[in-house]
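> Sharing a sequence plus its predicted fold:
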Amino acid sequence: MVEERYQLAKERIAQIEKEERVAEPFGSYFRQAADWILQLDEWKRLWESGKQDEISLEDWEEWNQRLYGELLPEQYGSSYANPAFAVSQLGHAYGQPLCFLYSEIRGGISYAVEKKTEYLDILLELFLEIYHLFEGEEPSVTHVKDCIYWYASDYCDVFAADYVKQQVDPAEDFLTKFVQQSDLRDLRYLYQAGEYVGSNERESARYLSGLPEEEIHRIAKAFVEGYVRGFVNTGKDLSKKDAVNIRYTLGFERIIKKAIEEFEKRGLKPVIYRGGVSVLTRPGGRRLGFVGGTPNGQYEYDHKNDQGLFLDGRFLERRLEVIQNAYESVKKQAGNMAGPACMETFGEKPFEPRQKEEAIRLTKKQENLAREMAAKQGEIVNRYIKGEERSYTIVAYPVWEIGTAYEEIFREIVRINTLDAGVYTEVQQKLIDRLDQGTSVRITGRGKNETDLTVRLHELTAPDKETIFENCVADVNIPAGEVFTSPVLEGTSGLLHVTKVYLNGLLYRDLKLWFQDGMVTDYSCGNFETEEENRRYVFENILHRHPSLPMGEFAIGTNTTAYAVSRKYGIEGKLPILIAEKMGPHFAVGDTCYTWSEEIPVFNPDGKEIIARDNAISLKRKEDPAKAYFQCHTDITIPYGELGDIVVTGKEGSVCLIRNGKFVLEGTEFLNEPLKSTYK
């Protein structure tokens, strides 16, 4: 029946190209969109034919261009997927919803690959419903938006509910089979995932295909062992779990295939799900899971608020009901999920988005609803995948775009990601021993960095058994090299300033955050011409639309080796926060590192319990979890080159840990060796 409905819809759409029932400028839009849908149908039929292995590399590249070419920067300016173009052609009132429609239909690329005809039929019928509104007289904008609203509401229990299952059930194995069954020596395999394939994805796969098997095994084993250590170090029982969620970027299949083997040796089946391609599976715009290349970061940024077309209180309740029911239907699989193992990439040209007036924006009321939805959805997830039972690990590797020394940099990152954790355990313990004697820490910048920030520390009542800082050595966050704590909010105040930083795929210039009693009270950056644009940029992407966020973490990074490598190759601005946070002190805004698992005792290698797992905000979980958690944690690092001093103050006076960006505490001086080649 689904196939029959799909064929009827497709045949009707094929007639649009010859019709003149819709007046301009809308006729041009619908004809172009119809043409793209027919191309999508051709793509669908390719997958139904079973002849993918017969297609040449050149033909795959042509398909890649046909499907994704209009999103590339050089063509995006004249695409209806671009809200600026759509509004210029169709007017603001109609341009926004029709741009959304065009973008939503593009999700059909992956649906065709996975043979999800029901999903395709839903999209085609939505398109026809809106097309018929424009036949004859121009419809009201309300009618157009109503179609989109009921699409989102009616099919939430298809797209969103299925997406929950894909995140926890190993039986949803399309991408697992893609990794395990593809011939990874033949680069044609890349195009059979249904994602954009750019130079980064091709060159990553090409480079990895040439590495010795033992090197691939070493990289994969370090990834898996870091994951296992995350359970051991937090006293969680991994034997109770039977599945692991693997998240990674296209091109790294050779490592992931070996990692799957290592996980299976430990009784964990892989769950690999595709990053959401619908507004119903990526609220907020960010794709998590398996992803391909990004043809144009501006396209994704332009559509991050698309839910603004339909988000209201009624939809909020509808979505939460669907998510609750979906998890209940797979509660056994969810209970067996151990958590995510993430292999991220970095090295792409830092992306500085344009703020477009034509793009959909959330109203103040919708911002509140979006926060509420994220908080309540987080509570649902935690009921079924319990925070006190799950863990994670994250590691990152560079892609080709990082520079001409790509292969050298890759080898250096492998070295950094596999540094001797024992060495760092010992030196970091010396820092912790001194920090445990303090009541506060003052951090200052130097040169153009204006940081002057005081962090208040928890008080120890049994220093022989307790500690304030966690000794972090290459488990959940690879590579090794940091000590961290949850600060006491009251008394944590001052200015945090970074001249240039790359966070969650976005570049920030002259980023400043002011804190008073641990809460962000003001913020700015220097990316845009107006202060209003700069503040909105920070508000949306660092504060995630919260009026304020607490300082959830204070840490001191010790991986001077990583810093030296970044300076040697000039890649400081391209490093992910995962590595950058180990290259100086860093401060997280949002939740603490112990979110949803504060009650679980955590111990350092020396046997002392880490007691700084809460703050005044996270303690609110005991009355109302929605007021305790923000579903975000953004680390911001002051690199050694911008760092002045770090001084810990206690009842017996002050001791300097770092002076002018160099370690001066006795027993930590050897960390300065890699820095000698970077600055005096």
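In hand now; what should we look at?

> Which secondary structure element is home to the most centrally placed residue in the chain?
Most central in the chain under C-alpha atoms, centre = their mean is residue 288, positioned 5.6 Å from the mean C-alpha point. When secondary structure is defined using DSSP states H and E, no element contains residue 288, which sits outside every helix and strand.

> Who are the contact partners of it?
247, 275-276, 282 (C-beta atoms under 8 Å, 6 or more residues apart in numbering). Just so you know, the C-beta spots here come from the backbone N, C-alpha and C atoms, and that holds for glycine as well.

> Please identify, among those, the one with the most neighbours.
Neighbours here mean other C-beta atoms under 10 Å. Within the contacts of residue 288, the largest count is held by residue 276, at 23 neighbours.

> give the contact list for the spatially closest residue to residue 652 that is not a sequence neighbour.
The spatial neighbour of residue 652 that comes closest, neighbours along the chain excluded (C-beta to C-beta, 6 or more residues apart in numbering), is residue 437 at 7.1 Å. Going by C-beta under 8 Å, 6+ apart, residue 437 touches 648, 650, 652, 655.

> Tell me where the stretch 351-500 of the chain has strands.
Under the criterion DSSP state E, counting those that start in this stretch, the stretch 351-500 of the chain contains strands at 393-398, 438-445, 452-456, 466-467, 470-472, 482-485, 488-503.

> In the protein, where is pLDDT below threshold?
Within the chain, the segments meeting pLDDT under 70 span 285, 474, 677-680.

> the domain parsing of it - what is it?
The chain breaks down into these structural domains: 2-154, 165-394, 420-677 (assignment by automatic domain parsing).

> heading toward the C-terminus, what's the first helix or strand past the longest helix seen in the chain?
Assignment by DSSP state H gives helix 26-49 as the longest helix of the chain. On the C-terminal side of helix 26-49, the nearest following helix or strand under DSSP H and E is helix 57-68.

> Give the other helices and strands that that following helix contacts.
Contact partners of helix 57-68 among helices and strands, from 3 or more C-beta pairs under 8 Å, 6 or more residues apart in numbering; DSSP states H and E: helix 26-49.

> what angle do the helix it packs on and helix 57-68 make?
Between the axis of helix 26-49 and that of helix 57-68 there is an angle of 140 degrees, by axes from the mean of the first three to the mean of the last three C-alpha atoms, to 10 degrees.

> What is helix 26-49 packed up against?
When contacts are defined as 3+ C-beta pairs under 8 Å, 6+ apart, helix 26-49 sits against helix 2-16, helix 57-68, helix 83-90, helix 92-105, helix 108-113, helix 117-133.

> The second one: which residues count as buried?
Spelled out, it's helix 57-68. If you call a residue buried by 16 or more other C-beta atoms under 10 Å, then helix 57-68 has these buried ones: 60, 63-64, 67-68.

> Could you do the first one as well?
By neighbour count, and taking 16+ other C-beta under 10 Å as the criterion, the buried residues in helix 2-16 are 6, 9-10, 12-13, 16.

> Need those in CSV (columns: distance to residue 550).
Listed next are the buried residues of helix 2-16 as CSV, based on distance: C-beta to C-beta, whole Å:
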residue, distance to residue 550
6, 49
9, 50
10, 52
12, 54
13, 51
16, 53
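
> Taking the residues you listed, tell me the two that lie furthest apart.
Pairwise distances among the buried residues of helix 2-16 were taken by C-beta to C-beta; the largest, 16.1 Å, belongs to 6 and 16.

> Pick the one among the buried residues of helix 57-68 closest to residue 607.
For the buried residues of helix 57-68, with residue 607 as the reference and C-beta to C-beta as the criterion, the closest is residue 68, at 53.7 Å.

> how about residue 247, what does it touch?
Listed by C-beta under 8 Å, 6+ apart, the contact partners of residue 247 are 272, 288-290, 340-343.

> one step back: check the offset of the longest helix of the chain from the chain's centre.
What separates the centre of helix 26-49 from the centre of its chain is 30 Å, taken as C-alpha atoms, centre = their mean, to the nearest Å.

> by how many degrees do that helix and helix 92-105 diverge?
Angle, helix 26-49 to helix 92-105, by the same axes, to 10 degrees: 10 degrees.

> list the buried ones in helix 26-49?
For helix 26-49, by 16+ other C-beta under 10 Å, it's 26, 29-34, 36-37, 40-41, 43-44, 46.

> Could you do stretch 561-574 as well?
For stretch 561-574, the buried set under the neighbour-count rule, 16+ other C-beta under 10 Å, comprises 561-567, 569, 571-572, 574.

> Show me what the helix or strand where residue 635 lies is in contact with.
When secondary structure is defined by DSSP H and E, residue 635 falls within strand 633-637. Outside of strand 633-637, the residues that reach it under the criterion C-beta under 8 Å, 6+ apart are 496, 498, 501, 503-504, 511, 513, 542, 552-553, 555, 557, 577, 580-581, 583-593, 595.

> any idea of the angle that strand forms with strand 488-503?
Interaxial angle, strand 633-637 versus strand 488-503 (the same axes, to 10 degrees): 70 degrees.

> mind saving the C-alpha coords of strand 633-637 as CSV?
What follows is strand 633-637, C-alpha atoms only, in CSV (Å, rounded to 0.1, in the frame of the first residue of the first chain):
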residue,chain,number,x,y,z
HIS,A,633,28.3,21.7,28.5
THR,A,634,30.6,23.9,26.5
ASP,A,635,34.3,24.0,27.4
ILE,A,636,36.2,27.2,26.7
THR,A,637,40.0,27.0,27.0
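
> what about it, distance to the chain center?
Computed by C-alpha atoms, centre = their mean, the separation of strand 633-637 from the middle of its chain amounts to 13 Å.

> Repeat that for stretch 413-426.
Its chain's average C-alpha position is 25 Å from that of stretch 413-426, according to C-alpha atoms, centre = their mean.

> Quick one, which of the contacts of strand 633-637 are buried?
Buried, going by 16+ other C-beta under 10 Å: 496, 498, 501, 503, 511, 513, 542, 552-553, 555, 557, 577, 580-581, 583-593, 595, out of these.

> From these, which land in strands?
For the buried ones among the contacts of strand 633-637, the ones inside strands are 496, 498, 501, 503, 511, 513, 552-553, 555, 557, 585-590, with DSSP state E as the criterion.

> Residue 214: which of those residues is nearest?
Of all these, the one with the least separation from residue 214 (C-beta to C-beta) is residue 557, at 30.4 Å.

> For beta bridges, what are the partners of the closest one?
In this entry, residue 557 is beta-bridged to residue 482, by DSSP bridges.

> contacting residues around it?
The contact partners of residue 557, taken as C-beta under 8 Å, 6+ apart, are 481-482, 581-586, 637.

> 6 Å instead, please
Residues touching residue 557, when contacts are defined by C-beta atoms under 6 Å, 6 or more residues apart in numbering, comprise 481-482, 581-584.
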